[in-house]
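Asker: got a structure for you, letters missing:
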């Protein structure tokens, strides 16, 4: 990346981690682009979500809910609640990055799961900063590139079921939720959320069964 | 403006606000144990609910079709620690095979 990285094996290691994470996650952008187009978003709208929203889980939620016929309000509310963890990442990154003005705006935009995770793995301040930026910028580039390719590919396809795209979207959500299930309580809450969402599906407008499950998070998170 | 445009612009704005607020407020405002516990569960319930609805809902009806088979394959692949793209492609191939040949 720079002259220093060529001579400093540690910095090189940070860059390698960041870029490999960025590329792997970026590939997932193709699944998003395809999902968005399948859900009825134009290529432009799909790409704008990756450029502006830039947070995988929230983006999948927006297209998932709109595609199922949900209202814009329930899509926005669900995406916003999912994005709240990025605020906590910002809290964690602020004392390390120490940025103001336009730099803070740019750093905020790339404050996501992956940039924070790679940063946290480093053992000194300089590497934490570098890990954050290399990963954040890397994911941004690859995620947007692959979103475009995925959207373009899917728009060339007629019926999404023929290519299995209808299953690719829930599979993508499985991939997002799986690494978060670490203890018994979380598995139970996951099961209850599935049950509640399915129970409400025939009874409420699309989107409502999803956002209602936040009640479960509040109930089970209230007491230790 | 169509509902999709409203969703794209609205969700992009709140996403940025979430990120920017985190960088700008004092830590003690957000760093509360109860809030942290709830916030760990929020993505779990929302994403689980999305998996359920995307797998079994057809408008307001619950159905079992090729998608359920695709998701089952995705779960098996995740169990065996397959990388994300393989999980998604595995689900797509399974679902497509059932849709096209049965």
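Answerer: Perfect, thanks for sending it. Note that this is a predicted model, so its numbers are computed, not measured.
Asker: residue boundaries of the strands in chain B?
Answerer: B:57-58, B:61-62 (DSSP state E).
Asker: close to chain A, is the first one?
Answerer: Yes - interface with chain A: strand B:57-58 contributes residue B:57 (C-beta under 8 Å from any C-beta of the partner chain). For the C-beta atoms, the positions are set from N, CA and C on the backbone; glycine is no exception.
Asker: Where does chain B get nearest to chain A, residue-wise?
Answerer: residue B:22 (2.2 Å; C-beta to the nearest C-beta).
Asker: mind checking the SS state of residue A:206?
Answerer: Recorded secondary structure, residue A:206: coil (DSSP: H, G, I helix; E, B strand; the rest coil).
Asker: does it really touch residue A:70, like I thought?
Answerer: Yes - counting by C-beta atoms under 8 Å, residue A:70 is a contact partner of residue A:206 at 4.0 Å.
Asker: Excluding sequence neighbours, find me the nearest residue to residue A:198.
Answerer: residue B:52 (5.2 Å; C-beta to C-beta, 6 or more residues apart in numbering or on different chains).
Asker: now the helices for the chain?
Answerer: All of this refers to chain A. A:3-7, A:9-38, A:43-48, A:56-67, A:72-97, A:101-109, A:113-121, A:125-155, A:165-177, A:184-200, A:208-212, A:214-222 (DSSP state H).
Asker: not quite, I wanted chain B
Answerer: Using DSSP H, the helices of chain B run over B:3-24, B:27-30, B:33-56, B:66-79, B:84-101.
Asker: relative to its centroid, which residue of chain B is most remote?
Answerer: residue B:26 (30.0 Å; C-alpha atoms, centre = their mean).
Asker: per-residue confidence at that one?
Answerer: pLDDT recorded at residue B:26 is 87.
Asker: Check the strands of chain B for me: which has the lowest mean pLDDT.
Answerer: When I compare the strands of chain B, strand B:57-58 is least confident, with a mean of 90.
Asker: which outside residues touch that strand?
Answerer: With contacts defined as C-beta atoms under 8 Å, 6 or more residues apart in numbering or on different chains, strand B:57-58 is touched by A:68, A:198, A:201, A:206, B:63, B:65.
Asker: got a list of what the last one touches?
Answerer: Think residue B:65. By C-beta under 8 Å, 6+ apart, the neighbours of residue B:65 are B:58, B:98, B:99.
Asker: Now do the same contact list for the second one.
Answerer: With contacts defined as C-beta under 8 Å, 6+ apart, the neighbours of residue B:98 are B:65, B:66, B:69, B:70.
Asker: now with 10 Å?
Answerer: Residues counted as contacts of residue B:98 (C-beta atoms under 10 Å, 6 or more residues apart in numbering or on different chains) are A:161, A:164, A:167, B:65, B:66, B:67, B:68, B:69, B:70.
Asker: Out of the residues you listed, who's the most crowded?
Answerer: residue A:167 (33 neighbours; other C-beta atoms under 10 Å in any protein chain shown).
Asker: Identify the residue spatially nearest to that one, adjacent ones excluded.
Answerer: residue B:70 (2.7 Å).
Asker: So what's the residue count around the closest residue to residue A:36 other than its chain neighbours?
Answerer: Spatial nearest neighbour of residue A:36, excluding adjacent residues (C-beta to C-beta, 6+ apart): residue A:46 at 3.6 Å. By the criterion of other C-beta under 10 Å, residue A:46 has 29 neighbours.
Asker: what does residue A:100 give?
Answerer: Neighbour tally, residue A:100, other C-beta under 10 Å: 11.
Asker: Over to residue A:87?
Answerer: Residue A:87: 23 neighbours (other C-beta under 10 Å).
Asker: for the one 3 residues further on, same thing?
Answerer: When neighbours are counted by other C-beta under 10 Å, residue A:90 registers 24.
Asker: if we can go back for a sec, list the contacts of the residue nearest to residue A:167.
Answerer: Neighbours of residue B:70 in contact, by C-beta under 10 Å, 6+ apart: A:164-171, A:174, B:55, B:88, B:90-99.
Asker: From these, list just the buried residues.
Answerer: Neighbour-count burial (16 or more other C-beta atoms under 10 Å in any protein chain shown) applied to those gives A:164-171, A:174, B:55, B:88, B:90-96, B:98-99.
Asker: on that earlier part again, closest one to residue B:79 among the helices of chain A?
Answerer: Residue B:79 sits nearest to helix A:165-177 of all the helices of chain A, at 10.5 Å, using C-beta to C-beta.
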